[in-house]
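A.B. asks: how would this look folded up:
(chains A, B, C and D)
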Protein chains: 4
Amino acid sequence: MTVRVCVNGYGTIGKRVADAIALQPDMELVGVAKTRPGFEAEAALRRGYPLYVTGGGDPGEFRRAGLKVAGNLEEMLRAADVVIDCAPEKAGKENAPLYRARGIRAIFQGGEKAEIADRSFNALANYSEGLGRERLRVVSCNTTGIARAAAVLGRWGVRRWEATLVRRAADPSESRRGPINGILPTFQLPSHHGPDVRTVVPGLPIRTAAVVVPTTLMHVHVNQVELERPPADLAEVREAFAKSPRFRLFRSWERVEGTPQVMEFARDRGAARPDMMENVLWEEGMALAGAELTFFQAIHQESIVVPENVDAVRAIFQLQPDGARSMAITDRTLGIPPGT
Amino acid sequence: MTVRVCVNGYGTIGKRVADAIALQPDMELVGVAKTRPGFEAEAALRRGYPLYVTGGGDPGEFRRAGLKVAGNLEEMLRAADVVIDCAPEKAGKENAPLYRARGIRAIFQGGEKAEIADRSFNALANYSEGLGRERLRVVSCNTTGIARAAAVLGRWGVRRWEATLVRRAADPSESRRGPINGILPTFQLPSHHGPDVRTVVPGLPIRTAAVVVPTTLMHVHVNQVELERPPADLAEVREAFAKSPRFRLFRSWERVEGTPQVMEFARDRGAARPDMMENVLWEEGMALAGAELTFFQAIHQESIVVPENVDAVRAIFQLQPDGARSMAITDRTLGIPPGT
Amino acid sequence: MTVRVCVNGYGTIGKRVADAIALQPDMELVGVAKTRPGFEAEAALRRGYPLYVTGGGDPGEFRRAGLKVAGNLEEMLRAADVVIDCAPEKAGKENAPLYRARGIRAIFQGGEKAEIADRSFNALANYSEGLGRERLRVVSCNTTGIARAAAVLGRWGVRRWEATLVRRAADPSESRRGPINGILPTFQLPSHHGPDVRTVVPGLPIRTAAVVVPTTLMHVHVNQVELERPPADLAEVREAFAKSPRFRLFRSWERVEGTPQVMEFARDRGAARPDMMENVLWEEGMALAGAELTFFQAIHQESIVVPENVDAVRAIFQLQPDGARSMAITDRTLGIPPGT
Amino acid sequence: MTVRVCVNGYGTIGKRVADAIALQPDMELVGVAKTRPGFEAEAALRRGYPLYVTGGGDPGEFRRAGLKVAGNLEEMLRAADVVIDCAPEKAGKENAPLYRARGIRAIFQGGEKAEIADRSFNALANYSEGLGRERLRVVSCNTTGIARAAAVLGRWGVRRWEATLVRRAADPSESRRGPINGILPTFQLPSHHGPDVRTVVPGLPIRTAAVVVPTTLMHVHVNQVELERPPADLAEVREAFAKSPRFRLFRSWERVEGTPQVMEFARDRGAARPDMMENVLWEEGMALAGAELTFFQAIHQESIVVPENVDAVRAIFQLQPDGARSMAITDRTLGIPPGT
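C.D. replies: Residues are numbered from 1 along each chain as shown, chains lettered A, B, ... in the order given. Reported below is the predicted structural model:
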């Protein structure tokens, strides 16, 4: 079976999801939808994606720019078995009734509230919960990163987890968001990430707080975790992360000082755009004292949820009954190396 | 008694300490010492401070720039009862034997190791420990901020404290340090700040980790604390901070979103340079759940240790037997409002 | 005669203008007006300025924050002889009819179009043109900087002037404007600054282009000028700038590498906030080849127009018939050193 | 004939040049040389490039990191017909005698002085001058950008060209260079770029000045040019640029506001890393008044010289007698679209 997938919203996440879908052996990308013309719409056409107009956009504006329009949102939905909603935050909420009215299955992003879907989803943490659902919500980038780490740490049990999220202020392609020089605390305490991750890892005793800083590359999490059972040693913890899919553990000799070098690594690896879809950890950036584990984790906000969206399609249509199998296919097609 | 004070090193900290000393009723600034000419040396002379040459600097270089030199380091030390060493990190270690050989009392900064002095010092946390000492070490900006907060939280007892330090990468006047775009984890876990704060607050069960981010204004700490005894409510905690000297608690209606507005507040307040010598807290940036307290704290790295250096002089010479009295004098002269 | 001045709009420019007016021997600050409460409104009251509510603001919101309100805009205007409009860009246009209806003289800022006033104004360039006017417009920060430089260069005549304006993207207290990492060309060619400066220096053959860069401190202009008559040498040019009011020429030994050190110089000088109201030039940042002069010029966008607003008041009320006299008073009260 | 090429220095430029050489039908990459292990060396091996140790590096350090070393610099040179020196600025000067002693042809980068080679080189500007040379020097990124533009503007003749170079302060993978917040004028007037471009375009009457700004993405040039003969209209100028190889002219509807979107365009285009090897221009960012042309130009410092190095190999070995033919091959293999 080949699932016909369309992507509504073709920005930072949507364009990556579209590319990823197009690479899957068991899926077909039948279209992407965008509101306004621009270099991104042009790129969609260059890649051969049928381009639909959504969000109240004007097809005439596209045509005047010389961009071929395949139709409107309704028409795109008709051509698909499932829509992946990558509209701007909160717009998914407005789209949901339309999808429901048309009887199309749907995947939403983490900017929407959990109630929008039957289940919040993360491949490593709860793939099987997504099997056969009508509507899934792929949790946001930071929540995805935490959920994955929780899936790995689960073997020792988590007694308490304090996380500080040092958030990038804008994506690389955004030029209107600040701050340029300063740190902004997020005055929601605890931040929404803790409750959000519990939609995929129920009961996880995590407390999160966030600050926003002037960078565009990645988020960094500072995690201080008390495990229920002490690992044998730090090597055991490192190995558990390294063996898991969707983690990249940098070694000291690789000279990766921080997020600038992580993104350079991705460029050198030949990843598209470049993206870094794994949770990034550093051997040097981990410490264990008894059952107390401290570790840094970097999250590429633009791409970490991309493989999760692919797996969500597989779960909905039960293309693979097993998360590990789905992830293996996804990761192979996207160039994410398997755990070691 | 008027204590004659000299300042060795006239950079970010040294120039502020010099200004602060010059404002004290019980102290006299007899000189400042600098290695090279520049606009900062010029400013020292404009303020009427005798300017000495230190650190292997060439007096001829000063004279060619038209800057009047009062003598060398030895001569400055002869004119003083105490030297405040504000030389670059680790240079204090080289200066210490000279001070000792000349029999002059000395205050060092937190960039030096604790062993350099008889005692590490923070006015709110351990003023009385400094009384009559030969050599004190004022702990670094981040450690000062933590020590002050620990002094306030002590009334409830601290069972466990996890702190993430989001550090500014450079001072505003530095143009050669990066990163420009990125986050750098500090690969020392836990970071040195925990052990360092225990030199002034023995046994404080704090664990710290740090990241460096591209800003010049302030550090921000994200604190997750488990108290031994639950406060009655958040208002009680806020009041404790607000009443303490050297804290500024911003209220929601003041619209202080982050460090850019904190520094703007300081500018509007009319503070010199402007400086913000208090620990900065936000009413919105605090949460209490039982005995679990979360709070943000911003630290102005350029100035927070300045009043501490003044109090250290008073402790050494026992000009005031009581820390609260010393702080009151210091804060009044420096324009730091008293606790409310 | 003491002119009663009020300031409508109390943001970056308004608060500085208010402070400057309050320091003048021949003026009285009778009030400032602001739309919303916040730390800036609080600072106005702390400085003793009567605080009025403007721009559709709600006096109740101020009172709930504990801020004392003196009245509304109409009431403030009634108490004054002249209003300095420091409302956000384009808001002055909306305020103008009200001022006219009330018969009050008015000074506008450069964010408004030239037509709003009887004359665009710069103290060094055309003080006498402002004498006795009803309405003046102080040109914007970049235009002020260019107009001053034009006034100095006028002695040799300007045949052709190409200027690139490297603009700061946000003010230090703004946390919502970007870009964080990138350069944005201003797609208006030539930029509006050339025509704008000709409203004060008629016929100046300048062509300007601008880019926006991720910094908050200052603008920098790169000027390539062909003079009509070659100066004797570069020293003659330097001297002309140095002797003029409102220029600061940094010498090489001062080690001022760029805008970070310029602002640090201002902090060390003890300027309020700190501000740098002079055009900033560097001895090293000037070159002369025949009649071809190249020079860099840094402009502190927050404060450079402040003394010009003060002089505009004097011109309107003919408190001083001569610009040099007015500037001397303004500069002495604001701590701007005279030309050397 | 297949030319055997080795690359000495595998940083920002070297790794890109190596990739580009490996894609050429008439060249073979026989090795790359690096001083220290790290993620970049790892990437070289992953790509199958023989890895040599250079610059006094320790082969043992590589081996301990598990990186296979093929030999030392001498051994690499023996295996090649030509070496492309991509060592850090000024290191090429130290390497030059070694290359000469070994009788190997060599290409140097623009960080070296012009005297290091027989000729400075730019494919569009002076390809034929490079034919059969022993040693060429590919001029630096900014100079390359200017030389290309000069080649296009040459049809109208250039009477006078004033250029301001707004330079990025660090590359994306560098985390130690500043400034974080500020603008630094380059106190060399005129800057070296003018004389440098005249090594490839003799007599070009350009005067350049530069500032450094806190961004990592691209340089932006602001050009104000007086042509000898006025173009018919702006469309004619646009067409000349658009038709030339190695220019990308953005149209208004593409919504490319500045360098962040240019790099996003490159990511969407699917370029490796992503790179942007063309001079970037904007239709909106050009103005013509008679013979006076103003235009912005963005330069991707990491990659713009890469195709030039490839063409330099072809010129040296006379693999193509004609620059246009060489560029066409290079551009096709590197994914640079031809002129339209």
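
A.B. asks: around chain D, pick out the residues from chain A.
C.D. replies: Proximity of chain A to chain D is confined to A:15, A:36-40, A:42-43, A:46-47, A:61, A:64-65, A:172-175, A:180-181, A:216, A:250-251, A:253-258, A:260-261, A:263-265, A:267-270, A:272-274 under the rule CB under 8 Å from any CB of the partner chain. Where C-beta positions appear, they are placed from N, C-alpha and C, glycine not excepted.

A.B. asks: could you rerun that using 6 Å?
C.D. replies: A:37-39, A:43, A:65, A:172-173, A:175, A:181, A:253-258, A:260-261, A:264-265, A:267-268, A:273 (CB under 6 Å from any CB of the partner chain).

A.B. asks: domain ranges for chain A?
C.D. replies: A:3-139+A:305-334, A:142-299 (automatic domain parsing).

A.B. asks: any chance of these in a markdown table with mean pLDDT and mean neighbour count as columns?
C.D. replies: Shown next, in a markdown table, are these (pLDDT from 0 to 100; neighbours: other CB atoms under 10 Å in any protein chain shown):
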| stretch | mean pLDDT | mean neighbour count |
| --- | --- | --- |
| domain A:3-139+A:305-334 | 97 | 21 |
| domain A:142-299 | 97 | 22 |
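
A.B. asks: which one of these lies closest to chain B?
C.D. replies: Closest approach to chain B among the domains of chain A is made by domain A:142-299 (3.4 Å; CB to the nearest CB).

A.B. asks: tell me if that closest one is near chain B.
C.D. replies: Yes - applying CB under 6 Å from any CB, one finds domain A:142-299 touching chain B at A:162, A:164, A:166, A:179, A:181-185, A:187, A:189, A:209, A:211, A:213-215, A:217, A:220, A:222, A:224, A:257-260, A:284-285, A:287, A:294, A:296.

A.B. asks: returning to that earlier point: please flag which of the residues of chain A next to chain D sit within helices.
C.D. replies: Here DSSP state H is the test, and the residues of chain A next to chain D give A:39, A:43, A:260-261, A:264-265, A:267-268 as lying in helices.

A.B. asks: can you put the residues you listed in TSV and add distance to B:Asn126?
C.D. replies: Below are those laid out as TSV (distance: CB to CB, whole Å):
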residue	distance to B:Asn126
A:Phe39	61
A:Ala43	62
A:Pro260	40
A:Gln261	41
A:Glu264	46
A:Phe265	46
A:Arg267	50
A:Asp268	51
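
A.B. asks: considering only those residues, which also neighbour chain C?
C.D. replies: Checked against chain C using CB under 6 Å from any CB, these yield no neighbours at all.

A.B. asks: close to chain C, is the lengthiest strand in chain A?
C.D. replies: Secondary structure of chain A per DSSP state E: the longest strand is strand A:158-168. No - between strand A:158-168 and chain C, judged by CB under 6 Å from any CB, nothing touches; the nearest distance is 8.6 Å.

A.B. asks: give the pairing partners of that strand; include direction for each.
C.D. replies: Using DSSP bridges, the strands paired with strand A:158-168 are strand A:206-213 (parallel), strand A:219-227 (antiparallel).

A.B. asks: from the chain's centre, how far out does the host helix or strand of A:Leu45 sit?
C.D. replies: Element membership for A:Leu45 (DSSP states H and E) is helix A:39-46. Remark: helix A:39-46 is offset 22 Å from the chain centroid, using CA atoms, centre = their mean, to the nearest Å.

A.B. asks: do the same with stretch A:261-281
C.D. replies: The answer for stretch A:261-281 is 14 Å, by CA atoms, centre = their mean.

A.B. asks: can you tell me the centre-most residue of chain A?
C.D. replies: A:Val305 (1.2 Å; CA atoms, centre = their mean).

A.B. asks: look up how far A:Met263 lies from that residue.
C.D. replies: 17 Å (CB to CB, to the nearest Å).

A.B. asks: what's the answer for A:Gly130, then?
C.D. replies: 30 Å.

A.B. asks: in the stretch 1-150 of chain A, which spans are helices?
C.D. replies: A:12-22, A:39-46, A:59-64, A:73-78, A:91-102, A:123-126, A:141-153 (DSSP state H, counting those that start in this stretch).

A.B. asks: what's the closest of the ones you listed to C:Pro245?
C.D. replies: helix A:39-46 (49.0 Å; CB to CB).

A.B. asks: could you dump that closest one to CSV, C-alpha only?
C.D. replies: This file holds the C-alpha atoms of helix A:39-46, laid out as CSV (Å, rounded to 0.1, in the frame of the first residue of the first chain):
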residue,chain,number,x,y,z
PHE,A,39,11.4,31.5,-3.1
GLU,A,40,10.0,28.7,-1.0
ALA,A,41,7.1,28.1,-3.3
GLU,A,42,9.4,28.2,-6.2
ALA,A,43,11.6,25.6,-4.6
ALA,A,44,8.5,23.3,-4.2
LEU,A,45,7.8,23.5,-7.9
ARG,A,46,11.5,22.9,-8.7
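
A.B. asks: which residues touch that helix?
C.D. replies: For helix A:39-46, the external contacting residues (CB atoms under 6 Å, 6 or more residues apart in numbering or on different chains) are A:10, A:32, A:34, A:51, A:67, D:254, D:256, D:265, D:268.

A.B. asks: and the nearest residue to the last one once chain neighbours are set aside, how far is that from chain C?
C.D. replies: Right, the one you point to is D:Asp268. Using CB to CB, 6 or more residues apart in numbering or on different chains and skipping the chain neighbours, the partner closest in space to D:Asp268 is A:Ala43 (3.7 Å). Using CB to the nearest CB, to the nearest Å, A:Ala43 is found at 19 Å from chain C.

A.B. asks: got it, and A:Thr215?
C.D. replies: 7 Å.

A.B. asks: before we move on, back to that, now the angle from the helix holding A:Leu45 to helix D:259-269?
C.D. replies: Per axes from the mean of the first three to the mean of the last three CA atoms, to 10 degrees, the angle that helix A:39-46 makes with helix D:259-269 is 10 degrees.
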